[in-house]
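> Okay, structure incoming, though there's no sequence with it:
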């Protein structure tokens, strides 16, 4: 008897078997949970996007404040003159547009304090008033620590002011 020797040409590929698990959830509860998690993620993303868009004025004001704080000499003088205007523009840009355009002195200080997360110095609004209207010679005589404190308090207020929405 002659036995046929198996050859490689006789091999055939086997059909793939079914996996021991299903890729689709077996119950409707898993599908509902997945959809719920997806909806929560989309809602969270939409709220973050909305907040990011709403805080655009704050990012632009901080960028301008950085530009103002970096100046020297005559640029520093112009930067000090622009600082009160910048804070007023930020206040006018708040959502809900409070009526702050005509505020000055104690009412302006009260507004700044009311919207600040951390207390501001008592005479901050007066310092801003002095910076806006004092003669150039007075501004040039300011101590660098006083100037840095003004910019620091302005940054603190811009970064942390409370917006009731």
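Nice, thanks for sending it over. Owing to the predicted nature of the structure, the values given are computational and were not obtained by experimental measurement. Residues are numbered from 1 along each chain as shown.

> next helix or strand past the helix or strand where residue 39 lies?
Assigned by DSSP states H and E, residue 39 belongs to helix 28-54. Using DSSP H and E, the helix or strand that follows helix 28-54 towards the C-terminus is helix 56-69.

> coming back round to it: just the angle between the helix holding residue 39 and helix 56-69, please?
Here helix 28-54 runs at an angle of 40 degrees relative to helix 56-69 (axes from the mean of the first three to the mean of the last three Cα atoms, to 10 degrees).

> pLDDT averaged over helix 28-54 - what is it?
Averaged across helix 28-54, the pLDDT comes to 93.

> Correct me if wrong: residue 109 contacts residue 126.
Yes: Residue 109 is in contact with residue 126 according to Cβ atoms under 8 Å; the separation is 7.4 Å. (Each C-beta comes from the backbone N, C-alpha and C, glycine too.)

> in this structure, which helix or strand is least confident?
Within the chain, no helix or strand scores below helix 105-115, which has a mean of 80 by mean pLDDT, DSSP states H and E.

> Please identify the buried residues of the helix or strand that comes right after it?
With elements assigned by DSSP H and E, the helix or strand that comes after helix 105-115 is helix 124-133. The neighbour-count check on helix 124-133 (16 or more other Cβ atoms under 10 Å) flags 124, 125, 127, 128, 129, 130, 131 as buried.

> Residues in contact with helix 124-133: which ones?
80-81, 83-85, 87, 104-106, 108-109, 112, 121, 138-139, 150, 153 (Cβ atoms under 8 Å, 6 or more residues apart in numbering).

> Of those residues, select the buried ones using a PyMOL command.
Per 16+ other Cβ under 10 Å, the buried members of the contacts of helix 124-133 correspond to this PyMOL selection:
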select buried, resi 80+81+83+84+87+108+109+112+139+150+153
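
> ok, and the closest non-adjacent residue to residue 113?
residue 120 (5.9 Å; Cβ to Cβ, 6 or more residues apart in numbering).

> returning to that earlier point: report the angle between the least confident helix or strand of the chain and helix 124-133.
Using the same axes, to 10 degrees: helix 105-115 against helix 124-133 is 120 degrees.
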